[in-house]
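Trainee: The sequence isn't on hand, but the structure is:
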DNA sequence: TAACCACCTTGATATAGATCAAGTTTTATA
DNA sequence: TATAAAACTTGATCTATATCAAGGTGGTTA
């Protein structure tokens, strides 16, 4: 692709794993690690059991990770937006464990693990360790949001989570595009689509949020946070 | 404590993080890292926000990790038995994020992170990374077991999970002690105690399991596995 | 051994959210 | 731009599991 953003100019430097590298070392990364790959909506980044010895950094766009059980039912385990690193659960066995699919046109950088493991790339391991540790915490948080909570709490917490993430990555906190369908949100939160739709309607009626197409406006962030608690 | 088992004789060598160390390096571990600490029932291993720069290996017994939300409600996030390493989610910020409490008399080894990070302990980082990656996968699995599943599926899957874990650590696959109460199981699975009790009764009536005090017998492993699917 | 207490079980009832159904709006495609 | 398909919404009904209630069991301590 033309005009790729170099790692040392990338907005993701602080979160991307190669951040532990000094500038001179970035040149040692091979081309596929330096340049983002473009995925169109519904393109698959990886599939279960596929050998995988890389992480991927989401430079732009969004992806969803999901499993498909024995009777063909999809279960979404995570959504990832700009600034996320994905594929961490594959390190332990060198193979993908979920499907990972682009929800819209997205750019992802591949980060090859053998490069990170090379001895001369000091400081990376510790960074990477923190990243994985943080992800374990995030998985726990999502679990806590789904177990023993009402539909309204789950949806409120989901929206707040997106809002916080986007804000941390320089986007608006109270106005953003929802890249996933209601069906996907419902699946992710363990609810029926109809229930999610009803919660959205109810939040709109209370003037806590508003929507225009896929744009979401948070009108009463404090109330929403309260609900999410 | 008298007669501690040395790391190089420990049954947990293959899973414990210091496994990456050669024998001569084990002597470099300080005393607290070499000798297990004994916890009695209800003793706290760590509490939220407490500075934590160690992992803990469960050499024997069992612990539960839980959070307490703003209105005082406990939510169990994980149970850990012999062979588990705990505290991984604390690496990212150097502080515990949950309570960790012994469910019975238990022995835990403290593994200090700064020892693992020391350069001369090569091979450890990669091991540790695999361990964390595996834990992310486990968290996903637990989430999948709780979201969009029936009470019977959750309980069946929970029992199978325990059975598999114990078998992997040299214990009987079909006869073992449940160290946690029904209330704790219910909380962990996002169910009411009464529901868990009813599922146990129903499984007993179908001759799939049996119980005698806190001992659980799996009489029809195949059927149970089928239910768990 | 008694007696207390935590834990467990079973039954009756209530309810949050699933499912079923039908229409509306938005998005994609020719 | 027209048309089809996908996504979303709202209403009616059903159901799995929560909640409420009460009794039973086993384990611990004096």
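Mentor: Sure thing, it's come through. Keep in mind that what you see is a predicted model, and the values were worked out from it rather than measured. Numbering: from 1, shown residues only, chains lettered A, B, ... in the order given.

Trainee: what's near enough to touch residue A:206?
Mentor: For residue A:206, the contact set (Cβ atoms under 8 Å, 6 or more residues apart in numbering or on different chains) comprises A:220, A:223. All C-beta atoms are positioned from the backbone trio N, CA, C, and that covers glycine.

Trainee: got the residues of chain A near chain B?
Mentor: A:67, A:69-70, A:73, A:75, A:77, A:88-93, A:97-98, A:117, A:125-126, A:128-137, A:139-140, A:142-144, A:146-148, A:187, A:189-190, A:229 (Cβ under 8 Å from any Cβ of the partner chain).

Trainee: Could you pull up the contacting residues of residue A:178?
Mentor: Per Cβ under 8 Å, 6+ apart, neighbours of residue A:178: A:162, A:185, A:211, A:214, A:215, A:216.

Trainee: Can you name the residues that contact residue A:176?
Mentor: A:162, A:163, A:166, A:215, A:216.

Trainee: ok, how many other residues are close to the second one?
Mentor: Think residue A:163. 22 (other Cβ atoms under 10 Å in any protein chain shown).

Trainee: Give me the distance between the strand or helix carrying it and the centre of its chain.
Mentor: Using DSSP states H and E, residue A:163 maps to helix A:151-168. What separates the centre of helix A:151-168 from the centre of its chain is 13 Å, taken as Cα atoms, centre = their mean, to the nearest Å.

Trainee: so after that helix, what's the next helix or strand?
Mentor: strand A:175-177.

Trainee: picking that back up, tell me the one among the contacts of residue A:178 nearest to residue A:105.
Mentor: Nearest to residue A:105, judged by Cβ to Cβ, of these is residue A:214 at 14.2 Å.

Trainee: Next up, the contacts around the closest residue to residue A:47 other than its chain neighbours.
Mentor: Distances taken as Cβ to Cβ, 6 or more residues apart in numbering or on different chains put residue A:99 closest to residue A:47, at 5.3 Å, once the chain neighbours are dropped. Residue A:99 is in contact with A:44, A:46, A:47, A:48, A:65, A:66, A:67, A:68, counting by Cβ under 8 Å, 6+ apart.

Trainee: Please tell me how far the spatially most central residue of chain A sits from residue A:88.
Mentor: When Cα atoms, centre = their mean is applied to chain A, the residue found nearest the centroid is residue A:80 (1.3 Å). The gap separating residue A:80 from residue A:88 is 11 Å, by Cβ to Cβ, to the nearest Å.

Trainee: same question, residue A:166
Mentor: Counting by Cβ to Cβ - residue A:166 and residue A:88 are separated by 21 Å.

Trainee: now the helices for chain A?
Mentor: A:23-26, A:31-34, A:113-117, A:124-146, A:151-168, A:182-189, A:193-205, A:221-228 (DSSP state H).

Trainee: Please name whichever of the ones you listed is nearest to residue A:54.
Mentor: Of these, nearest to residue A:54 by Cβ to Cβ is helix A:113-117, at 6.1 Å.

Trainee: counting contacts, what elements does that closest one pack onto?
Mentor: Identification of packing neighbours for helix A:113-117 by 3 or more Cβ pairs under 8 Å, 6 or more residues apart in numbering or on different chains; DSSP states H and E yields helix A:124-146.

Trainee: quick one: average confidence on the helix it packs on?
Mentor: For helix A:124-146, mean pLDDT rounds to 90.

Trainee: how about the residues of chain A near DNA strand D?
Mentor: A:181, A:182, A:183, A:193, A:194, A:196, A:197, A:198, A:200, A:201, A:211, A:214 (Cβ under 7 Å from any atom of the strand).

Trainee: And the first one, what's its pLDDT?
Mentor: At residue A:181, the predicted lDDT confidence score is 97.

Trainee: Pop out the phi and psi values for it.
Mentor: phi -80, psi 170 (degrees, to the nearest 10).

Trainee: so how many other residues sit close to it?
Mentor: Residue A:181, neighbours per other Cβ under 10 Å, totals 14.

Trainee: and what of residue A:50?
Mentor: 14.

Trainee: OK, contacts around it?
Mentor: A:95, A:96.

Trainee: From residue A:99, how far off is it?
Mentor: In terms of Cβ to Cβ, residue A:50 sits 10 Å off from residue A:99.

Trainee: one step back: mind checking which of the contacts of residue A:176 are buried?
Mentor: Neighbour-count burial (16 or more other Cβ atoms under 10 Å in any protein chain shown) is assigned, among those, to A:162, A:163, A:166, A:216.

Trainee: Show me which pair in those is furthest apart.
Mentor: A:166 and A:216 (10.4 Å).
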